[in-house]
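Asks: Curious how this folds, go ahead:
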Amino acid sequence: MPRFFFDLGAPGSPVVDEEGIEFADWQSAMRYGLRCARDVIAQSVLAGEPVDLASYVAVCDHHRVKIRRLHFRDCVTLPGDERPDR
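Replies: As a prediction, this is how the structure comes out:
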């Protein structure tokens, strides 16, 4: 199975995933990346810390090539957010 990496892009404090996780396909890796982003957001909210919606989880393939950036602002629905892609 291919290995994927999930780097956290946060202003001033990026975190590089050194280990990665194996998934059957890139779609499964994307779902995991979305869950990671939402987990980081939830942890910040529970700790009473601000959430920087410009932060992201970068999903990278086994060559460390970025497949997609999952921006925090696209991982949650906020009150008044009426975008049709939600």
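Asks: May I have the phi/psi pair for Trp26?
Replies: Main-chain dihedrals, Trp26, degrees, to the nearest 10: phi -70, psi -30.
Asks: Which residue is the nearest non-sequential neighbour of it?
Replies: Spatially, and ignoring its direct neighbours in sequence, Trp26 is nearest to Ile67 (6.1 Å; CB to CB, 6 or more residues apart in numbering). In this view, the C-beta of every residue, glycine as well, is placed from N, C-alpha and C.
Asks: same question, Asp7
Replies: Asp7 sits nearest to Ala58 (CB to CB, 6+ apart), 4.4 Å away.
Asks: So what pairs up with that neighbour in the strands?
Replies: Asp7, Arg69 (DSSP bridges).
Asks: From what I see, it and Phe4 are in contact.
Replies: No: with contact defined as CB atoms under 8 Å, Ala58 does not count as touching Phe4 (10.5 Å).
Asks: With that, I have no additional questions.
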